[in-house]
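Visitor: okay, sequence plus prediction incoming.
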Amino acid sequence: MYHRLQKALAGVVFFGFTAGMTWASGMAHAQQLNPERRQQFLADPLAAEQRDPLLPTLSVDRPYSPLELQMIANDLDQLNNTALLQLSAGDADAAFDLWLRELKLRRVLGTQAEFEAIQRVAGLAWTQQRPVEVQLLTLRTREIWDAVRQSLGSLSEEPFERQTEIDPGDSLISGATTIDIDVLTEIAQTFTTLRDIDSAVAVYQQLIALSSTRDEMLTTQQKALAELHLSWFQFSEAADIYLALLAAAKEAGDIEQEIDYLEQLAYSYQQAESLTNAVRAQTDLVERYQRQDDSEKLPGLLVAIAQNYRALNLPTSAIEYYRAAYRAAQRFDQFSFSAQVLQDLGALYESLAMTAEALGAYSLLVPIEQQAYNDYGIMNAHDKIGQLQRRQGNDFEALKAFERGLVIANRLNLREAYFIEQIEALAAADVPSL
């Protein structure tokens, strides 16, 4: 892709920001950027009163010749190699000093060469926890992006204060949609590497606008932006994008894409704690799974819907979906889901003072846990039954349940004292033991 940047990014002038930057990561705040150091890095290397000794001294004011540029490129490659050796030797400060010097001088070779170097160093700066270098690289990448955005004609306002004005012609977008999309994708990925998520989102939004007449490209960019939002816990923003993708999939009659987007939509709403919307997406998924004969996914989905209805304080709907989940789980011998349903359903019945129904759920739970060879689950089910029976005044039934629980507790070497205490309390009430 880098060869495509030559036309799109060539000749970006060197300007700096005086406004502060908003950072999504705490690491970027670890060290405040010195204004002098920022200015030094962002300044035009050819405008300095004392040029870097690596740059050839010219007797007349003229551009560097191709041979001179090749010599500069070779020297900069050597700087990079030396920096890598210093990093491997444990001298990160010296390594990144060299890389900053290299990046600044790469501008002499054109923005394409500079941007390639920024991408190469960006990941190292982040993984090596270099907040100053991350901020400097982000500032420069924002300059490149700002010039590209102006070339695309989408810059409606000036987001940053500049030291010099930019001629939009200095950043020449090719005009070929596919090429421009590749350029912008690389910029978005660089911002993502540097954790400048606001800028990455802005680039992806431009990508979406640029791809609007090409369905396949548009979908790709929308999905990339949604995934970026998810990775930074921006779940509501991700949900908005998946809604748009879902609408497009419905219009195209693509059921597999509908299912994929509904799954992502339900997850996004769930994580955003928008439970009503999550339920709406999940119930749509139930219908799609049934239509596609993908019923093995139903137990877990039905449990999730029931749990959301319970959280929304809609117990009748929750019970309905728990029962449906139990039937589906039994159909496919999914014992873990069956057990989860009965545990949740029993607890819900208890909260509603529906003791008989709760006892029924926990009684069904015992054989389910036995089928799953889950002694811990069997023990807890007997405990629940014992507590409910005792609460109902059925001391003999309670004693039977606690004694059965004690057998399992002894085998697990767990909670023996608790069950003995329950049994002794019932024995003191003259309840005959088994």
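Guide: That came in fine, so what should we check first?

Visitor: for the stretch 301-434 of the chain, give me the ranges with low pLDDT.
Guide: Across the stretch 301-434 of the chain, residues meeting the criterion (pLDDT under 70) sit at 430-434.

Visitor: all helices of it, in order?
Guide: Remark: helices assigned in the stretch 301-434 of the chain by DSSP state H, counting those that start in this stretch are 315-331, 335-351, 355-371, 375-391, 395-412, 416-427.

Visitor: and R195, helix, strand or coil?
Guide: Of the three states, R195 takes coil under DSSP: H, G, I helix; E, B strand; the rest coil.

Visitor: which residue sits closest to Q292, ignoring its sequence neighbours?
Guide: Excluding its sequence neighbours, the residue lying closest to Q292 (Cβ to Cβ, 6 or more residues apart in numbering) is I255, at 6.4 Å. Every C-beta, even on glycine, is put in place using the N, C-alpha and C of the backbone.

Visitor: and the longest helix along the chain, average pLDDT?
Guide: The residue-count maximum for a helix in the chain (DSSP state H) belongs to helix 66-88. Computed over helix 66-88, the mean pLDDT rounds to 95.

Visitor: what comes into contact with it?
Guide: 54-56, 64, 92, 94-96, 98-99, 101-102, 105-106, 108-109, 113, 117, 120, 124, 128 (Cβ atoms under 8 Å, 6 or more residues apart in numbering).

Visitor: would you mind listing the buried residues in it?
Guide: By neighbour count on 16 or more other Cβ atoms under 10 Å, the buried set for helix 66-88 is L69, I72, D75, L76, L79, N80, A83, Q86, L87.

Visitor: next: stretch 185-201.
Guide: Across stretch 185-201, burial judged by 16+ other Cβ under 10 Å covers 185-197, 199-201.

Visitor: again with stretch 407-421
Guide: Applying a neighbour-count criterion of 16+ other Cβ under 10 Å, one finds I408, A409, R415, F419 buried in stretch 407-421.

Visitor: got the contact list for L105?
Guide: By Cβ under 8 Å, 6+ apart, the residues touching L105 are P45, D52, L54, L55, I72, L76, L79.

Visitor: give me that answer again for 6 Å
Guide: P45, D52, L76 (Cβ atoms under 6 Å, 6 or more residues apart in numbering).

Visitor: using TSV, please lay out these together with distance to S211.
Guide: Listed next are the contacts of L105 as TSV, based on distance: Cβ to Cβ, whole Å:
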residue	distance to S211
P45	36
D52	41
L76	35
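
Visitor: so what's the one residue sitting closest to the centre of the chain scoring on pLDDT?
Guide: Geometric centre of the chain, nearest residue: S231, 1.4 Å, by Cα atoms, centre = their mean. S231 is assigned 93 on the pLDDT scale.

Visitor: what distance do you get for it to D196?
Guide: Distance, S231 to D196, by Cβ to Cβ, to the nearest Å: 14 Å.

Visitor: repeat for N80
Guide: Look at N80 and D196: by Cβ to Cβ, they are 23 Å apart.

Visitor: buried ones in the strand or helix carrying Y289?
Guide: If you go by DSSP states H and E, Y289 is part of helix 275-291. For helix 275-291, the neighbour count (16+ other Cβ under 10 Å) marks L275, N277, A278, V279, A281, Q282, T283, D284, L285, V286, R288, Y289 as buried.
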